[in-house]
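>>> Below is the sequence, then the predicted model.
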Amino acid sequence: MWFFRAVAFDLDGTLAVDGQIDPDVLTAIDRARRQRAVLLVTGRVRADLDREFPGLTEHFSALVTENGAVLTLLGDGPAETRLLREPIDEAVDKTFAERGIVSSRGEVLIAIDGRDANEATEAIAQLGLDSQVVRNRDRAMIVPAGVTKGTGLTAALVALGLSNHNTIAVGDAENDLSLLQAAEVGVAVGNAVPSLIERADLVTEEADGAGVIRLLDGPLLAGRQRFCPVRRWVNIGSYDDGSPVTIPGSQSNLLVTGASGSGKSYLAGLLAEEWIAAGYSLLVIDPEGDHVGLSRLPGVHLVDGGAGLPSPHDLLALFRLRQASVVLDLSSLQPEAQLDYLDRLPAAIAAERARSGVPHWVLYDEAHQQAWLEQSHRIAVGTGSCLVTWRPELLSADLTDSVDVAIHIAEGSPTGRTEATLTTAGRTRRFRIGRRISEHVRHQRKYAVTPLPPERRFYFCEKNQTGSAASAATLEEFRHRVGHIDSHTLEYHLARGDFSRWVAGVLTDRTLAGELARVEDAWVTRRAALTEEAREQIVRAVEDRYLRS
C-alpha cells in the first residue's frame, strides 16, 4: 500500500516502559523502516536521550527532540541538526533559581518537575516572555510559544519530502495530542492517558510497545486496510435536513457522472477545492481546460500543454519538491498528443506515490474520452482516484468495481437548485451541491483556443474576402472580429441578441451570456431612447418655426 509513507512515535510510555525498550519493538521498527520513514518525536533533550538509550537513534530516519524544538535528520551521511526556534531566554534560569525551581536546559527548552508547573507559569508571565509550559505526565517543560510535537513533526516531514497526510503518529501522554492531530491518523497506545484516548483516531488494544508492534505489523501499514478518520472528511454540500454531505479526504475512489453540461466539472472543481483546502495534493488531468481556474488557489500550479509538457517524471516531482497541487491542461493538444503523454503518465504516478505518497488524488476529467479508455485498466493506481464522465458505461469493469463513492448530477431539479445524488455502501441520498471558491468556466481553455466544429461557430452577417460569411471558431477569434467589424454588422447582431444567444446555447456559459445580454439590452434601450428624442426634437422644431402663434 503506497499511502502511509511515515510513522512517528513518542518515546516514553509509547516505545519505552520504565526507561527500557523491548528489543522486539526495535525489530518491528527496523522492518517498517525498510519501506517508509520512521521518526522519533520526544520531549527529551538529545544528550539525555543518548545517555539513557545508547544507539536508539540508529533505528530512525529523523529525530525531533525537545517537544518539537529541535530536528535531527539521520541519513546515511553525517547527522544534521536544526534548531526550529530560538532558545528560551536565559533570564528564566535566574528567575527559576530565585524561586527554588529545579530545572535543566536543553538546546532550546527548559525542563522542570511537573509539580512546579504552576509556579513556572507565573514566573514566565512575570518576565513577559513568549513561552509556554507543557505537561508530560509527571514532568513539564518550558518551550517557545507555538512549539509542539506537531510542529516539529511537520518540519521533519517537510525536510524528508513527505506529507503529514501520509503519516501515522503514535503517543501516550498529554503533550502527544498535537503530534496525533498533525498526522493523517493519530493512534493512542492502550496505556495512554484518558484525554488522549478520547481524542485519538485509533487506540491499540495492547499497551506501549506491544501496541506499537501490533500497529507496525498490522493491516493498516500493510495496505490491507483503508482508514481515513472522520475529522479528515471534507464537506461538499448539504442534505435536505441540513446535515453536511462529507466524503473521505483520502484513500477512496470516486465517480462523478451526469449529462453533458449538467455541472459535473463544477462539482469536480468543488471536490478539488475542498481537498486542497484540507492540505491534500491533487493532480487534475484536464483535457478540456475546465479547471484552469483552480490555479488561482494558493499552492496550485498550472501546467499548460500548449507551452510544452515536462516529462511525466518531472511533472510528478513537482508534488514532492513543492508540496503542491497541479492542474495539467491538455486542451490545446490534439487527441494523439494527449494519448502519447497519458500512455506514460500512470507509471510515473504509481512510482511517485510509492516514493513519497503524493499526489493524494488524481482527478481525471472527461474520463470517457478515447484517450482515457485506452488507459482505463491502468489509471486506477491504488485509491485516490476521481473519475468524471457522462459516459460511465464506457469505463472498464475494473474501474467501476473499485468505486467507493458515486455522485450523479440530478437533472431537472424542481427547486431550481444544483442537486446530485450520492451513493456509498449501497445507500443513495439526494443533496444540494455546495458553493465553490474559484470561478468555474466550462471548457475555458478549450473554447478560448481550440476551434469549434463549423456547425457551432459564430457567423457574422458581414462577408469576408471570399464572399462567404465571416465566422469565429474560437473565443479568441470572436473577440478579434467583434473588435473590428463595421458598425452596421455590430448593430445588426446587437439588435437580435445574437452574441448572448450563441454563448448560452453553444458554450453553455450562463455568466458570460448574461453579461453580453446586458450589453445588448442596454444598446437597444439607448437606441430607442435616441429615436424618441429625435422624434421630439423634429416635432418641436417644426412647431417652433411654423405653428406657434
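Cool, the structure landed.
>>> For the stretch 201-350 of the chain, which segments are assigned as strands?
202-203, 234-239, 244-247, 253-257, 282-286, 300-304, 325-329 (DSSP state E, counting those that start in this stretch).
>>> want to throw those into JSON lines with mean neighbour count and distance to Pro453?
The way it works is simple: take the backbone N, C-alpha and C, and place the C-beta from them, glycine included. Converted to JSON lines, the strands of the stretch 201-350 of the chain look like this (neighbours: other C-beta atoms under 10 Å; distance: least, C-beta to C-beta, whole Å):
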{"stretch": "strand 202-203", "mean neighbour count": "16", "distance to Pro453": "55"}
{"stretch": "strand 234-239", "mean neighbour count": "17", "distance to Pro453": "34"}
{"stretch": "strand 244-247", "mean neighbour count": "17", "distance to Pro453": "36"}
{"stretch": "strand 253-257", "mean neighbour count": "22", "distance to Pro453": "25"}
{"stretch": "strand 282-286", "mean neighbour count": "27", "distance to Pro453": "21"}
{"stretch": "strand 300-304", "mean neighbour count": "19", "distance to Pro453": "23"}
{"stretch": "strand 325-329", "mean neighbour count": "25", "distance to Pro453": "21"}
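>>> Dump those into JSON lines; add mean pLDDT as well.
As requested, these are exported to JSON lines (pLDDT from 0 to 100):
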{"stretch": "strand 202-203", "mean pLDDT": "97"}
{"stretch": "strand 234-239", "mean pLDDT": "95"}
{"stretch": "strand 244-247", "mean pLDDT": "96"}
{"stretch": "strand 253-257", "mean pLDDT": "95"}
{"stretch": "strand 282-286", "mean pLDDT": "94"}
{"stretch": "strand 300-304", "mean pLDDT": "91"}
{"stretch": "strand 325-329", "mean pLDDT": "94"}
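>>> Now render those strands as CSV, adding distance to Lys149.
Output for the strands of the stretch 201-350 of the chain, formatted as CSV (distance: least, C-beta to C-beta, whole Å):
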stretch, distance to Lys149
strand 202-203, 18
strand 234-239, 25
strand 244-247, 28
strand 253-257, 33
strand 282-286, 28
strand 300-304, 29
strand 325-329, 27
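>>> Out of these, which is closest to Asp172?
Closest to Asp172 of those is strand 202-203 (C-beta to C-beta; 10.6 Å).
>>> Would you map the strands across the stretch 351-500 of the chain?
Under DSSP E, counting those that start in this stretch, the stretch 351-500 of the chain gives strands at 361-364, 385-389, 405-409, 419-424, 427-433, 458-463, 469-472.
>>> ok, back up a step: between the strands of the stretch 201-350 of the chain, which gets nearest to Leu270?
strand 234-239 (5.7 Å).
>>> my guess is Gly434 meets Ile236, correct?
Yes - counting by C-beta atoms under 8 Å, Gly434 does reach Ile236; the two are 5.4 Å apart.
>>> List the contacts of the most centrally placed residue in the chain.
Centroid check for the chain by C-alpha atoms, centre = their mean gives Ile276 as the closest residue, at 1.9 Å. By C-beta atoms under 8 Å, 6 or more residues apart in numbering, Ile276 lies in contact with Leu282, Leu294, Leu297, Gly299, Val300, Ser325.
>>> shouldn't the second one be in contact with Val300?
I take that to be Leu294. Yes - using C-beta under 8 Å, Leu294 makes contact with Val300 at a distance of 5.3 Å.
>>> who touches both of these two?
By C-beta under 8 Å, 6+ apart, the residues touching both Leu294 and Val300 are Ile276, Ser325, Val327.
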